[in-house]
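Mind looking at a prediction? Sequence and model below.
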Amino acid sequence: MEWGMKNRLSRLIQKDGKALFLPIDHGYFQGPTHGLEHPEETIKPIYQYADAIMLTRGVLRNCIDPAIEKPIIMRVSGAVSVVGEDLAAESIVTSIQEILRLNASAVSMSVFVGTKYENKSLSNLAKLVDECEEFGIPVMAVSAVGKELEKREARYLALAARISAEIGARVVKTYYCKEHFEKVVDGCPVPVVIAGGPKTETQREVFDFVYDGLQKGAIGVNLGRNIWQTQYPVASIKAIRAIIHEGYTPQEAEDLYNQVIAGKT
Ligand code: R5P
């Protein structure tokens with residue numbers, strides 16, 4: 001592996017081999033979604049606890065201080081919307097020149113395996129990998145299920161993760177599933193991070209699945225709504241960070257969460 005690629009990956013994946021990515025890219029197809037109306041305000045109290053921030057070039061340019069010390073994972077696929085015909089019909093919307101100009105440490109794009117646009121999406125991934133590898137920029141494939149949340153089961157997720165890695169993704173983001181999540185990780189030769197999905201009813205559910213996902217081989221998370229859409233984003237991200245980087249159990253994380261809310265830490 002070239003020095004530049006190694007250096008960028010080491011900024012994202014910490015010395016302990018773990019990672020907490022904070023995505024705020026949801027506006028690319030959801031518009032000013034709840035909690036992200038003003039991305040700069042959303043991340044102000046929480047970004048310090050993340051290892052990297054994932055966003056689009058538009059939000060980066062307009063809402064983020066260029067002096068920010070966190071690495072940027074730039075979402076480069078899109079051109080679809082929640083009111084459009086098909087979320088899977090994405091294109092690559094950012095050039096390699098722009099990726100370099102904005103000093104991204106990595107890029108990400110969605111991969112829609114098993115959809116009408118499977119070939120387009122996987123071909124986009126291949127092209128992006130070719131362009132980015134040339135400059136030592138890692139590509140994170142985001143296994144997407146669109147509105148079909150029931151696809152979040154091991155067989156499908158393992159298929160999508162493996163195909164993304166075969167095409168050249170350096171990191172794969174997948175959803176967590178309760179049954180056989182270890183098969184998703186085992187079948188994927190590159191590091192796997194877990195997305196949070198729509199906000200859960202309780203914060204404990206998040207601590208449980210993040211912990212279990214890590215036990216089963218994930219290196220961390222790319223988790224947004226279950227942090228910044230919650231009532232207590234700082235407590236939430238601190239507790240998740242403690243699971244990832246300090247080996248906290250879900251119960252210890254919940255205790256920390258409650259202490260932060262109570263102002264005791
Ligand atoms: C979807 O909008 C993006 O790919 C997100 O970055 C990804 O789904 C992770 O965010 P969340 O934890 O909110 O699902």
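Sure thing, it's come through. Residues are numbered from 1 along each chain as shown.

by contact count, what packs against the longest helix seen in the chain?
In terms of residue count, the longest helix belonging to the chain (DSSP state H) is helix 118-134. Under the contact criterion of 3 or more C-beta pairs under 8 Å, 6 or more residues apart in numbering; DSSP states H and E, helix 118-134 touches strand 91-92, helix 96-101, strand 106-111, strand 139-143, helix 154-167. In this view, the C-beta of every residue, glycine as well, is placed from N, C-alpha and C.

touching the ligand at all, it?
No - Helix 118-134 lies out of reach of the ligand by C-beta under 6 Å from any ligand atom, never closer than 13.1 Å.

Count the residues that sit near residue 133.
15 (other C-beta atoms under 10 Å).

isn't residue 88 right up against residue 144?
Yes - with contacts counted by C-beta atoms under 8 Å, residue 88 reaches residue 144, the gap being 7.4 Å.

Could you figure out how far the longest helix of the chain is turned away from strand 106-111?
170 degrees (axes from the mean of the first three to the mean of the last three C-alpha atoms, to 10 degrees).

can you list contacts of stretch 50-68?
With C-beta atoms under 8 Å, 6 or more residues apart in numbering as the test, stretch 50-68 has contacts from 11-14, 19-25, 27-28, 38-40, 43, 47, 70-76, 78, 94, 98, 102, 105-106, 108, 220, 222, 224, 237.

one more time with 6 Å, if that's ok
12, 14, 19-25, 28, 39-40, 47, 70-73, 75, 94, 102, 108 (C-beta atoms under 6 Å, 6 or more residues apart in numbering).

and the stretch 1-150 of the chain, which residues reach the ligand?
So the stretch 1-150 of the chain meets the ligand at 23, 25-26, 54, 142 (C-beta under 6 Å from any ligand atom).

and of those residues, the nearest to the ligand?
Closest approach to the ligand among those (C-beta to the nearest ligand atom): residue 23, at 3.1 Å.

Residue 139 versus the closest one, what's the distance?
Per C-beta to C-beta, to the nearest Å, residue 23 is found 15 Å from residue 139.

what's the answer for residue 181, then?
23 Å.

and if you look at residue 165?
Distance from residue 165 to residue 139, by C-beta to C-beta: 11 Å.

Comparing the two, which residue is more hemmed in?
Just comparing residue 165 and residue 139: by other C-beta under 10 Å the higher neighbour count belongs to residue 139, 25 against 19.

beta partners of the more buried one?
residue 107 (DSSP bridges).

quick one: low-confidence ranges for the stretch 1-150 of the chain?
The stretch 1-150 of the chain contains residues with pLDDT under 70 at 146.

Just give me the residue closest to the centre of this protein.
Compute the mean C-alpha point of the chain, and by C-alpha atoms, centre = their mean the closest residue is residue 222, 2.9 Å away.

Give the closest residue to that residue in space, chain neighbours not counted.
Distances taken as C-beta to C-beta, 6 or more residues apart in numbering place residue 21 nearest to residue 222, at 4.1 Å, with adjacent residues excluded.

The one you found - that's part of a strand, no?
Yes - secondary structure of residue 21 (DSSP: H, G, I helix; E, B strand; the rest coil): part of a strand.

That one and residue 106, how far apart?
Taken as C-beta to C-beta, the span from residue 21 to residue 106 is 9 Å.

I appreciate the help and will end here.
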